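>>> Have a look at this fold, sequence not included:
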């Protein structure tokens, strides 16, 4: 499976448009990363890829088939997305997680079993009976992500989907999501403002500015030949800080910079001095 958009343009409003975008997302279990400043069009592009927006100029092809108003719903069943902020339906957390399976006419008892297995994998079983209105923003985001992956879509689009999750516990959750996608042959495109996430998880990078894809390639290719001031600043790592590790835990550490406590999403040894 592949998703290919060719010379695509879309007028968002009187002052902003998506312009002449051509990209090919091949079904290679690859992690695509979309970066760009706020307002550059990243969310709109993901909505177009999800076949949620019509009236664009250009072409979208999935498996070489031209997407039209008549066939888009059939293809959309193999796509999934999670946006920031995320919204949950009324009921329980369990009702939210199984919802995509039920609308695909899957047996409810099998859906419940599948949801319990997924919640156990991501250590969210304690939330299953809760009302979504009682959840924190981070918990809401986690539930929304589980809802987006439970039916194992062929393509998953995550739009700043981890931004509300606590930094320390979020790193482990994030890695579990990326690992799950690879294990289940899900091709992933995610947006981020985090240089660390781009470096760690992005295998092919698209850079978007002012409604255009201005550069694409691997991390090394883009860093070695940046085509804009934004790209240079995003990948510029000049400021390092020395951190004294004061506490070490299973999956994170606590350190001190200038008398201020900080948390690091890695397990360093107590007493270490590390540069970040």
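Received, thanks. Treat the numbers as computed from the prediction; the structure is a model and nothing was measured.
>>> Give me the nearest residue to residue 141, chain neighbours excluded.
Spatial nearest neighbour of residue 141, chain neighbours left out: residue 164 (4.6 Å); criterion: C-beta to C-beta, 6 or more residues apart in numbering. (C-beta placed from N, C-alpha, C; glycine too.)
>>> What is the burial count for the one you found?
With neighbours defined by other C-beta atoms under 10 Å, the count for residue 164 comes to 18.
>>> likewise residue 113?
12.
>>> biggest helix in this structure by residues?
Counting residues, the longest helix in the chain under DSSP state H turns out to be helix 167-183.
>>> Show me what that one is in contact with.
29, 31, 121-122, 138, 142, 145, 149, 156, 158, 162, 165, 186-188, 197, 201, 251-252, 263, 265 (C-beta atoms under 8 Å, 6 or more residues apart in numbering).
>>> now, which of those residues lie within helices?
Assigned to helices by DSSP H, the following of the contacts of helix 167-183 qualify: 121, 138, 142, 145, 149, 197, 201.
>>> give the contact list for the last one.
With contacts defined as C-beta under 8 Å, 6+ apart, residue 201 is in contact with 31, 33, 174, 178, 190.
>>> quick one: which of those has the most company?
Note: the member of these with the most neighbours is residue 190, at 26 neighbours, neighbours being other C-beta under 10 Å.
>>> what helix or strand does that residue sit in?
strand 187-191 (DSSP states H and E).
>>> Direction included, what does that strand pair against?
If you go by DSSP bridges, strand 187-191 pairs up with strand 31-35 (parallel), strand 155-159 (parallel).
>>> That one vs helix 167-183, what angle?
Using axes from the mean of the first three to the mean of the last three C-alpha atoms, to 10 degrees, one finds that strand 187-191 and helix 167-183 are set 150 degrees apart in direction.
>>> roughly how far out does strand 187-191 sit from the chain middle?
Taking the mean C-alpha point of strand 187-191 and that of its whole chain, the gap between them comes to 5 Å (C-alpha atoms, centre = their mean, to the nearest Å).
>>> what's the answer for stretch 199-217, then?
A distance of 14 Å separates the centroid of the chain from that of stretch 199-217, by C-alpha atoms, centre = their mean.
>>> Could you give me the buried positions within it?
200-202, 204-216 (16 or more other C-beta atoms under 10 Å).
>>> Just the closest of these to residue 49, please.
Distance from residue 49 was checked for each of the buried residues of stretch 199-217 by C-beta to C-beta. The minimum falls on residue 206, at 11.2 Å.
>>> quick one: what helix or strand has that closest one in it?
Secondary structure assigned from DSSP H and E places residue 206 in strand 204-209.
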